[in-house]
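1. sequence first, predicted coordinates after that:
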There are 2 protein chains.
Amino acid sequence: MTGQVIDGKAFAADVRAQIAEHVVRLKEENGITPGLAVILVGEDPASEVYVAAKHKQTLEVGMASFEHKLPADVSEKDLFDLIDQLNADPSVHGILCQFPVPDHLEERRVVARIDPSKDVDGLSVVNAGLLASGEKGLVSCTPLGCLMLLRDQLGNMSGKEAVVIGRSNLFGKPMGQLLLQENCTVTIAHSRTADLPEVCRRADILVAAVGRAEMVKADWVKPGATVIDVGITRIPHPEKPGKSKLLGDVAYVEVAAVADAITPVPGGVGPMTIACLLANTLTACCRAHNLDEPSGLTA
Amino acid sequence: MTGQVIDGKAFAADVRAQIAEHVVRLKEENGITPGLAVILVGEDPASEVYVAAKHKQTLEVGMASFEHKLPADVSEKDLFDLIDQLNADPSVHGILCQFPVPDHLEERRVVARIDPSKDVDGLSVVNAGLLASGEKGLVSCTPLGCLMLLRDQLGNMSGKEAVVIGRSNLFGKPMGQLLLQENCTVTIAHSRTADLPEVCRRADILVAAVGRAEMVKADWVKPGATVIDVGITRIPHPEKPGKSKLLGDVAYVEVAAVADAITPVPGGVGPMTIACLLANTLTACCRAHNLDEPSGLTA
């Protein structure tokens, strides 16, 4: 028996298509174009690739994309001046600063400078607090993407046992909050967990976000569980010299034989992240204009 | 075999004594008196009793206590004017508004008006976000009190299985965050949990905060567990007509025979709440003056 493969790439394309329809409607009915501003400091090649992908997908769904490239030695003051200007700009509904930033800048302070209602990465203390308080905010893109995949796969999650491996501010903690909102019984496990395989075996929904290649083995997984793999580790390709290969936190082949459904790496959670960034920008735009939020695209 | 009784009343007295020593030192060395302002709207008898207890204990540890009683029909504007004035007052380091407030006022808006650095009840979205982000804030008093009792009882909690029953913003969620910071494997269970007894039996640390009298039975508890009972239900006294009796969420007698240690109701968690309110006021005062925070009195 092999579990169903959860096709995050196809699902993300569907989410983007829904967003594009909302954008058309916003333009036609309200004369509004949602806008996303991305700030890139310095010339990190990986960040440039990622920012370019965001730019392309933002335009593809019909939104306005504003790119701001700043030199690696930009002062905090100049960066903050730009953020203040974007905070005040009514054509900008979402702002993100691509991390990592150079060492002389502090990510925490940069995030705190962004208006929480435009913090489409959902990284600010205010948005973490809104999520923890069950209030409307903007939710970090990767956990939001996992939630959308799980809702699509499972529908009602009430009463299910969910185990999240990893307790980062970026992923594990907000993922736990989202699963709690879905009425799951939620366990957060981590590096100090005494018997991690045993804890994982309880899970109807197992979400792994550790960054250790193929850590989760078949005998860690309850037969019939739904497995979401958030980890990405790049290794040298075993057969193609000079090439690399991506591995998740889950030993995919053996776990797929046990699980009811599983996300692959790549092509699972990954593509959902930018789709959710666009979803958050759309949500922020609707809220800024006191319009109904699109359904199915928020927590 | 009977588990150890965790004497919250004695422990809270010890915490208050520690606070009183810090207050003496702050006065002598820095000329500072920590001050707590309590706002009471209307004349709810239970709230009046509670506010009076806070006032008495605040004075007993040597702090300044500022009581502000407002009429039940006070406008939001007048209440906010008072809060703004207290936010700006350097002799006030902690502010709390006693809840519930009359229906025409919205608790969420009242809490949001208090400067987060003076929000000694730890109820604001900002303080929830700081806790969820692992940053320094002010932590809600009852979970902080439970944390102190657990640290005193267990010392290092790393790797222990902790189960919190209840997922309120006031208690269950912040308690989960605190136990996660202590490196516990944390499960949040609640009314939708499919097999609550089974989930509870996993716990090395079981914290019950539901408000259903004696719900947790002996066979829900792993032998040797530490049990913290946050629930309080008032029932007519079975033997004394016209009198009432307090019950916790835990069937105390039978669970005490299984647990390694257990908090009674009353006299367990309850007395810790005001002690932690004073601890938070002291912490807020030290932070306001850029002085070292007292150790052992914060999360």
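-> The structure has been received and is ready for your questions. Residues are numbered from 1 along each chain as shown, chains lettered A, B, ... in the order given.
2. list the contacts for whichever residue of the stretch 1-150 of chain A sits closest to chain B?
-> Distances between the stretch 1-150 of chain A and chain B by Cβ to the nearest Cβ are smallest at residue A:129, namely 2.7 Å. Where you see a C-beta, it was placed from the backbone N, CA and C, and this is true even at glycine. Neighbour list for residue A:129: A:137, B:124, B:125, B:126, B:127, B:128, B:129, B:130, B:132 [criterion: Cβ atoms under 8 Å, 6 or more residues apart in numbering or on different chains].
3. so where is the stretch 101-250 of chain A shaky, pLDDT-wise?
-> Applying pLDDT under 70 to the stretch 101-250 of chain A flags no residue at all.
4. strands of that one, start to end?
-> Applying DSSP state E, counting those that start in this stretch to the stretch 101-250 of chain A gives strands spanning A:161-165, A:185-189, A:205-208, A:226-229, A:233-236, A:244-247.
5. want to throw the contacts of residue A:129 into a markdown table with distance to residue B:64?
-> A markdown table is the format used below for the contacts of residue A:129 (distance: Cβ to Cβ, whole Å):
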| residue | distance to residue B:64 |
| --- | --- |
| A:137 | 36 |
| B:124 | 23 |
| B:125 | 28 |
| B:126 | 25 |
| B:127 | 23 |
| B:128 | 28 |
| B:129 | 29 |
| B:130 | 26 |
| B:132 | 32 |
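6. of the strands of the stretch 101-250 of chain A, which is nearest chain B?
-> With Cβ to the nearest Cβ, the closest approach to chain B among the strands of the stretch 101-250 of chain A belongs to strand A:185-189: 4.2 Å.
7. residues making contact with the closest one?
-> Against strand A:185-189 from outside (Cβ under 8 Å, 6+ apart): A:159-167, A:172-173, A:176, A:179-180, A:196, A:199-200, A:202-203, B:176, B:180, B:185-190, B:192-194, B:199.
8. neighbouring strands - and their directions - for that strand?
-> Using DSSP bridges, strand A:185-189 pairs in its sheet with strand A:161-165 (parallel), strand B:185-189 (antiparallel).
9. so for stretch A:257-273, what gets flagged as buried?
-> A:258-265, A:267-273 (16 or more other Cβ atoms under 10 Å in any protein chain shown).
10. interface residues of chain A facing chain B?
-> Residues of chain A lying close to chain B (Cβ under 8 Å from any Cβ of the partner chain) are A:108, A:124-135, A:158-161, A:167, A:169, A:173, A:176-177, A:180, A:183, A:185-190, A:192-194, A:199.
11. and the buried ones among the residues you listed, selectable in PyMOL?
-> In PyMOL syntax, the buried subset of the residues of chain A next to chain B is picked out as below (16+ other Cβ under 10 Å):
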select buried, chain A and resi 124+125+126+127+128+129+130+131+132+133+134+159+160+161+167+169+173+176+177+180+183+185+186+187+188+189+190+192+193+199
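12. sorry, back to before: now do the residue of the stretch 1-150 of chain A closest to chain B against residue B:139, distance only.
-> Separation of residue A:129 from residue B:139 (Cβ to Cβ, to the nearest Å): 13 Å.
13. which residues are in contact with both of those two?
-> The contact sets of residue A:129 and residue B:139 overlap at residue B:127 (Cβ under 8 Å, 6+ apart).
14. where along the stretch 101-250 of chain A do the helices fall?
-> Taking DSSP state H, counting those that start in this stretch as the test, the helices found in the stretch 101-250 of chain A are A:107-113, A:125-132, A:141-154, A:172-181, A:196-201.
15. tabulate the ones you listed (CSV), appending distance to residue A:56.
-> CSV is the format used below for the helices of the stretch 101-250 of chain A (distance: least, Cβ to Cβ, whole Å):
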stretch, distance to residue A:56
helix A:107-113, 24
helix A:125-132, 26
helix A:141-154, 16
helix A:172-181, 26
helix A:196-201, 37
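16. just to be sure, residue A:52 is in a helix?
-> Yes - under DSSP: H, G, I helix; E, B strand; the rest coil, residue A:52 sits within a helix.
17. what's near enough to touch residue A:247?
-> For residue A:247, the contacting residues are A:213, A:214, A:231, A:232, A:233, A:234, A:235, A:265, by Cβ under 8 Å, 6+ apart.
18. wouldn't residue A:22 be in contact with residue A:282 here?
-> Yes - in terms of Cβ atoms under 8 Å, residue A:22 counts as a neighbour of residue A:282; the distance is 5.7 Å.
19. tell me which of these two has more neighbours.
-> residue A:282 (27 against 22; other Cβ atoms under 10 Å in any protein chain shown).
20. list the residues that contact the more buried one.
-> So residue A:282 contacts A:19, A:22, A:23, A:34, A:63, A:93, A:294, A:297 (Cβ under 8 Å, 6+ apart).
21. go again with 6 Å.
-> A:19, A:22, A:34 (Cβ atoms under 6 Å, 6 or more residues apart in numbering or on different chains).
22. please narrow those residues to those residing in helices.
-> The helices in this structure, assigned by DSSP state H, contain A:19, A:22 from those.
23. could I get the contacts of residue A:282 as TSV with pLDDT?
-> What follows is the contacts of residue A:282, written out as TSV (pLDDT from 0 to 100):
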residue	pLDDT
A:19	98
A:22	98
A:34	98
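24. could the contacts of residue A:282 go into JSON lines alongside distance to residue B:244?
-> JSON lines is the format used below for those (distance: Cβ to Cβ, whole Å):
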{"residue": "A:19", "distance to residue B:244": "57"}
{"residue": "A:22", "distance to residue B:244": "56"}
{"residue": "A:34", "distance to residue B:244": "58"}
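25. okay, now residue A:100: neighbour count?
-> Neighbours of residue A:100 under the rule other Cβ under 10 Å: 12.
26. now do it, the pLDDT please.
-> The score at residue A:100 is 95. That number is its pLDDT.
27. helix, strand or coil: sort out it for me.
-> Per three-state DSSP, residue A:100 ends up coil.
28. next up, the contacts around it.
-> Per Cβ under 6 Å, 6+ apart, neighbours of residue A:100: none.
29. quick check: phi and psi at it.
-> Reported as degrees, to the nearest 10, the phi and psi values for residue A:100 are phi -80, psi 150.
30. quick one: classify residue A:254 as helix, strand or coil.
-> Residue A:254 is classified as helix under three-state DSSP.
31. ok, the nearest residue to residue A:202 once chain neighbours are set aside - contacts?
-> For residue A:202, ignoring the flanking residues on the chain, the nearest one in space by Cβ to Cβ, 6 or more residues apart in numbering or on different chains is residue A:161 at 5.2 Å. Residue A:161 makes contact with A:185, A:202, A:203, A:204, according to Cβ under 6 Å, 6+ apart.
32. break chain A down into its domains, please.
-> A:30-136+A:272-288, A:141-270 (automatic domain parsing).
33. dump those domains into CSV; add distance to residue B:39 as well.
-> Formatted as CSV, these follow (distance: least, Cβ to Cβ, whole Å):
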stretch, distance to residue B:39
domain A:30-136+A:272-288, 21
domain A:141-270, 30
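34. residues in contact with stretch A:175-183?
-> A:131, A:143, A:147, A:157-158, A:162, A:164, A:186, A:188, A:207, A:299, B:167, B:188, B:192.
35. out of these, who's nearest residue B:88?
-> residue A:131 (30.3 Å; Cβ to Cβ).
36. hang on, the earlier thing: the buried residues of stretch A:257-273 in helices, which ones?
-> Going by DSSP H, the helices hold A:270, A:271, A:272, A:273 from the buried residues of stretch A:257-273.
37. JSON lines please, covering the residues you listed and showing pLDDT.
-> Putting these into JSON lines (pLDDT from 0 to 100) gives the following:
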{"residue": "A:270", "pLDDT": "96"}
{"residue": "A:271", "pLDDT": "96"}
{"residue": "A:272", "pLDDT": "97"}
{"residue": "A:273", "pLDDT": "96"}
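38. could these be laid out in JSON lines, adding distance to residue A:98?
-> Shown next, in JSON lines, are these (distance: Cβ to Cβ, whole Å):
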{"residue": "A:270", "distance to residue A:98": "16"}
{"residue": "A:271", "distance to residue A:98": "18"}
{"residue": "A:272", "distance to residue A:98": "18"}
{"residue": "A:273", "distance to residue A:98": "13"}
